[in-house]
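# sequence first, predicted model second:
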Amino acid sequence: MPAVYGTIENTMHDELIDIYDKQGDPTGQTLPRPQVHARELWHRVALAWIYNSQGEVLLQHRSSDRNAFASMWDVSISGHIQSGDSAIATAVRELREEIGLQVSPKELTQIGTVSDQFPLVSGKTHREHDIVFLAHRDINLERLELQSSEVDGARWMGLRDLAADMDNPETRAQYSSRNPEVYRLALEAIWNLTASD
């Protein structure tokens with residue numbers, strides 16, 4: 001197990017991230033991911049929401065050792081955009097890595113961008129510009145291949161139920177404390193796509 005953990009750590013240290021300013025403009029600087037977090041610099045992250053034909057959204061349950069939102073329900077997938085990669089390529093990669101879902105770029109639709117700041121376990125503030133995608137897929141949850149180091153569960157949830165949980169402070173606490181706009185974008189887009197079905 002230590003060898004595997006070391007491999008993950010080395011990969012993260014080798015991962016180069018492009019730095020952006022608060023407005024979302026590139027600074028031209030690129031740093032290893034741990035330095036980006038330690039210096040609380042703005043960078044880009046790809047998020048993707050998967051929804052099904054019943055108008056439900058796929059939520060992942062983050063594992064207990066994540067450095068943010070540990071043991072909370074969250075977007076279908078999220079991932080740092082490495083230097084030289086596109087947001088859509090990152091979303092495709094993270095869907096495959098985190099939940100074992102093979103999706104082509106043409107299946108993803110960008111529904112918005114959101115700037116967000118939240119605390120990490122280290123006490124540092126994570127500053128990210130989220131590029132948010134949406135994809136339709138009917139999935140049997142039992143067939144998902146969850147990346148255990150990051151995800152320890154997944155579930156489908158109806159839009160009305162998720163919206164109700166977001167509006168209730170008690171139930172809201174079980175979800176990642178991302179910028180509420182991340183959730184609103186998905187709920188609105190999926191509702192518009194499925195309401196007439």
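Arrived safely, thanks for sending. Given the structure is predicted, the values throughout are model-derived calculations rather than measurements. Residues are numbered from 1 along each chain as shown.

# mind listing what the spatially closest residue to L144 that is not a sequence neighbour touches?
Nearest in space to L144, with sequence neighbours left out and distances taken as Cβ to Cβ, 6 or more residues apart in numbering, is I99 at 5.0 Å. All C-beta atoms are positioned from the backbone trio N, CA, C, and that covers glycine. In this structure, I99 makes contact with L58, Q60, S76, I77, L144, E145, L146, Q147, V151, A154, judged by Cβ atoms under 8 Å, 6 or more residues apart in numbering.

# from the chain's centroid, how far away is the helix or strand where the second one lies?
Q60 belongs to strand 56-62 when elements are defined using DSSP states H and E. Taking Cα atoms, centre = their mean, to the nearest Å, the mean C-alpha location of strand 56-62 is offset from the chain mean by 10 Å.

# and that strand, what other elements does it pack with?
strand 42-51, strand 73-74, helix 87-99, strand 151-158, helix 159-167, helix 180-194 (3 or more Cβ pairs under 8 Å, 6 or more residues apart in numbering; DSSP states H and E).

# show me what counts as buried in it.
The neighbour-count check on strand 56-62 (16 or more other Cβ atoms under 10 Å) flags E56, V57, L58, L59, Q60, H61, R62 as buried.

# so for that strand, mean pLDDT?
The average pLDDT for strand 56-62 rounds to 97.

# what about this protein, any weak spots by pLDDT?
The chain contains residues with pLDDT under 70 at 1-13, 196-197.

# give me the residue at the spatial middle of it.
The residue lying closest to the centre of the chain (Cα atoms, centre = their mean) is S78, at 2.1 Å.

# show me the contacts for that one.
Contact analysis of S78 by Cβ under 8 Å, 6+ apart lists V45, A46, L47, A48, E94, D130.

# by neighbours, which of these wins?
Highest neighbour count within the contacts of S78, by other Cβ atoms under 10 Å: A48, with 32 neighbours.
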